[in-house]
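[1] Quick one, what's the 3D model for this:
(4 chains)
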There are 2 protein chains.
Amino acid sequence: MATIGDVARAAGVSRSTVSYALSGKRSISRETRDRIDEAIKTLGFTVNAGARALATSETMVIGLLLEFHDDEFPPAMLQYILAVSTAAREKGYDILMVTDADGPGAVTRITSSNMVDGVVLLDVTHDDPRLDALRAASQPGSLVGLPRDTQDVDVFDLDFGEAARMLVDHLYGLGHRKIVLVSPPRHVFDRGGAYAWRFRDAAVERAARYGIHIYPYYGESQQPGISRSLNAILDARPDATALIVHNDASIAVLPAVLHERGVQVPRDLSVVSLYSQDFGRSFLLPYTAVETSPDKLGREAVQHLVRRINDPGDSPTVAKFIEPELTIRGSTA
Amino acid sequence: MATIGDVARAAGVSRSTVSYALSGKRSISRETRDRIDEAIKTLGFTVNAGARALATSETMVIGLLLEFHDDEFPPAMLQYILAVSTAAREKGYDILMVTDADGPGAVTRITSSNMVDGVVLLDVTHDDPRLDALRAASQPGSLVGLPRDTQDVDVFDLDFGEAARMLVDHLYGLGHRKIVLVSPPRHVFDRGGAYAWRFRDAAVERAARYGIHIYPYYGESQQPGISRSLNAILDARPDATALIVHNDASIAVLPAVLHERGVQVPRDLSVVSLYSQDFGRSFLLPYTAVETSPDKLGREAVQHLVRRINDPGDSPTVAKFIEPELTIRGSTA
DNA sequence: ATTCATCTTCGAACCGGTTCGACTACTTTA
DNA sequence: TAAAGTAGTCGAACCGGTTCGAAGATGAAT
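    Sure thing, here's the model as predicted:
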């Protein structure tokens, strides 16, 4: 591997001159620049990332922290990963992806050793133990998911409360008075997945305001439990005319379950949900739904993080809730 | 951030002594070690990864290269990512995940700048352009997926040919003589996804040897095309008694399609496939299938890579085909 | 003709670690 | 009792970059 010293020697200049030619931070004469460029070409020189990081205290790497839970539906998570990765690369950053079971430890490890310039935390829970580690770090962080204490952290999330109200309003407006709600699995609530109860509580409250009935249930996370629980719920509420599904795993198998039961949408039952457009395309989900926009969330989290990396201290803490958008797909009547 | 110099000063020793205390490469007296440990605790010292990488030429980071294609089914890829990440962490490595559209460029970028000690390439195609970049690099690489030219590279893949023969044998043994094969989408073949034709060609050849009929078709990658194509295929071959599905997206929706057609498995039709156990649990897939073992593949790729990182040159090039295993789930008769 | 600013380049210091060779103080061994 | 290890420590060099201050050359302003 050629070093900057090799390039300097080949071009007959000093190392600092090569460095300035590379960065453009001082002016370099035409001929010198040409000689340096040529030397770089013939030697195949590339800046050593570790050395540059040491000298500049910038790694140009962003840490991406995520944990896989058995009760999570994998396809959804992948969309966030991809969004973060793409957005980071556009800003010149690479992604150090950490899937450690020990989240707080992982945060501390990569920040205190200065492996990254900042971190993105996915799937943040209400009492996320990673937050203390993040606050102790000298690098900024962006969260996807809403914790209880948002002090000193930047949060990006869908406005699940508003999404719930939007869907209830939509169904109420069409005349529905008895609505079944399938929430995420119980473990998600237990673990502190705030999005689960933010959505459910808002839906329940809205229904109460309208004086209509809403029946909340937990979904399941793995087959064959998912189909079984959906059937049990539908059996238990034969009088409900609408279904709100707030669970990726459940919505993915719903078409099969409804078909098996001979239920026609929207003739026999109106169905609404929350999922991303891409998700709906991988599966066959022709339901009116709130778009969850993982790409938008991931992108905003990264963009804000980069801004904070580049002027630390200055940028104020942010809690941004993406406004939900309803995509009508004709599954309600 | 405390440096090794701060620790040395606090403990009243030289920087090299602290370094040796950390690495254990030279003996240190009991008292000195205690003073150093204490200084590290109170200062909250962590080794700077960039500086260590510069000094040792080891980053303890493995690059993971993957590209997302629209015609791929996301859940499958995630299993590989997770397997690689977990296996790497067990060996003390972190993962730099690169999803660049420009694969070869990404390989060159992270290797020539010495950001990584080695790379894992996922989803390698027959004429994968990333291979030249990898061969030009000074770091070793492990591939998941079989390229045409395996010179100087380590390959880990399922033995798709054997898997196909296994499934054909299984069906032949049960008396089936007309078999439909749903392969991956045409794009996968075009792009050079060798696993697609390795499986198909082996199946066709085996069927020919038995003198039975096999009807190969391309699957689709996105809804509603997947269901439509499956229906079209089943319509076209009403006399077939067995179905081999070699496509994640298709197998995931097959239960719904079959149910809609009123086809009972295995009474009316025998079905076999290839997928991982985890995949089968996310969806409802009660089919006899060859286990694709993404965890085993990812783990082996990483383990071998780490071995090569630690003794370069020595370890011979390897092309390891995981032996397929048939999991009987009673979907054949 | 002198002063001053600008352009271009160099040398040295620094970032934060690791590692080699040498030195001191004790133990062993012959 | 002299020679040979061995344990414990230090200083210096090095890894490969960046950046600051200085300095020579050139040209413009006074």
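[2] Tell me where chain A has strands.
    A:61-65, A:94-98, A:118-121, A:141-144, A:154-158, A:178-183, A:213-218, A:242-245, A:270-274, A:288-291, A:319-322, A:325-327 (DSSP state E).
[3] And the ones you listed: which comes nearest DNA strand C?
    When these are compared by Cβ to the nearest atom of the strand, strand A:61-65 sits nearest DNA strand C, at 16.2 Å. (C-beta placed from N, C-alpha, C; glycine too.)
[4] Just confirm yes or no for the closest one near chain B.
    Yes: using Cβ under 8 Å from any Cβ of the partner chain, we find that strand A:61-65 touches chain B at A:61, A:64.
[5] Identify the residues contacting that strand?
    A:81, A:84-85, A:88, A:93-98, A:100, A:103, A:106-107, A:110-111, A:115-122, A:130, A:302, A:305-306, B:96-97, B:115 (Cβ atoms under 8 Å, 6 or more residues apart in numbering or on different chains).
[6] Take the strands of chain A and write them to JSON lines, including distance to residue B:23, mean pLDDT and mean neighbour count.
    Output for these, formatted as JSON lines (distance: least, Cβ to Cβ, whole Å; pLDDT from 0 to 100; neighbours: other Cβ atoms under 10 Å in any protein chain shown):
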{"stretch": "strand A:61-65", "distance to residue B:23": "25", "mean pLDDT": "98", "mean neighbour count": "26"}
{"stretch": "strand A:94-98", "distance to residue B:23": "24", "mean pLDDT": "97", "mean neighbour count": "24"}
{"stretch": "strand A:118-121", "distance to residue B:23": "28", "mean pLDDT": "96", "mean neighbour count": "27"}
{"stretch": "strand A:141-144", "distance to residue B:23": "31", "mean pLDDT": "94", "mean neighbour count": "26"}
{"stretch": "strand A:154-158", "distance to residue B:23": "38", "mean pLDDT": "94", "mean neighbour count": "23"}
{"stretch": "strand A:178-183", "distance to residue B:23": "51", "mean pLDDT": "94", "mean neighbour count": "23"}
{"stretch": "strand A:213-218", "distance to residue B:23": "51", "mean pLDDT": "94", "mean neighbour count": "19"}
{"stretch": "strand A:242-245", "distance to residue B:23": "55", "mean pLDDT": "93", "mean neighbour count": "27"}
{"stretch": "strand A:270-274", "distance to residue B:23": "51", "mean pLDDT": "91", "mean neighbour count": "25"}
{"stretch": "strand A:288-291", "distance to residue B:23": "52", "mean pLDDT": "92", "mean neighbour count": "23"}
{"stretch": "strand A:319-322", "distance to residue B:23": "44", "mean pLDDT": "86", "mean neighbour count": "15"}
{"stretch": "strand A:325-327", "distance to residue B:23": "55", "mean pLDDT": "89", "mean neighbour count": "14"}
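[7] Which one, of those, ends up nearest to residue B:143?
    strand A:94-98 (19.4 Å; Cβ to Cβ).
[8] Is any residue of that closest one near chain B?
    Yes: judged by Cβ under 8 Å from any Cβ, strand A:94-98 and chain B are in contact via A:94, A:95, A:96, A:97, A:98.
[9] do the same with stretch A:319-333
    No: shown here: stretch A:319-333 not in contact with chain B (Cβ under 8 Å from any Cβ), separated by at least 12.4 Å.
[10] quick one: contacts for the nearest residue to residue A:100 once chain neighbours are set aside?
    Excluding the flanking residues, the one nearest residue A:100 by Cβ to Cβ, 6 or more residues apart in numbering or on different chains is residue A:106, at 3.8 Å. Residues in contact with residue A:106, defined by Cβ under 8 Å, 6+ apart, are A:65, A:98, A:100, A:130.
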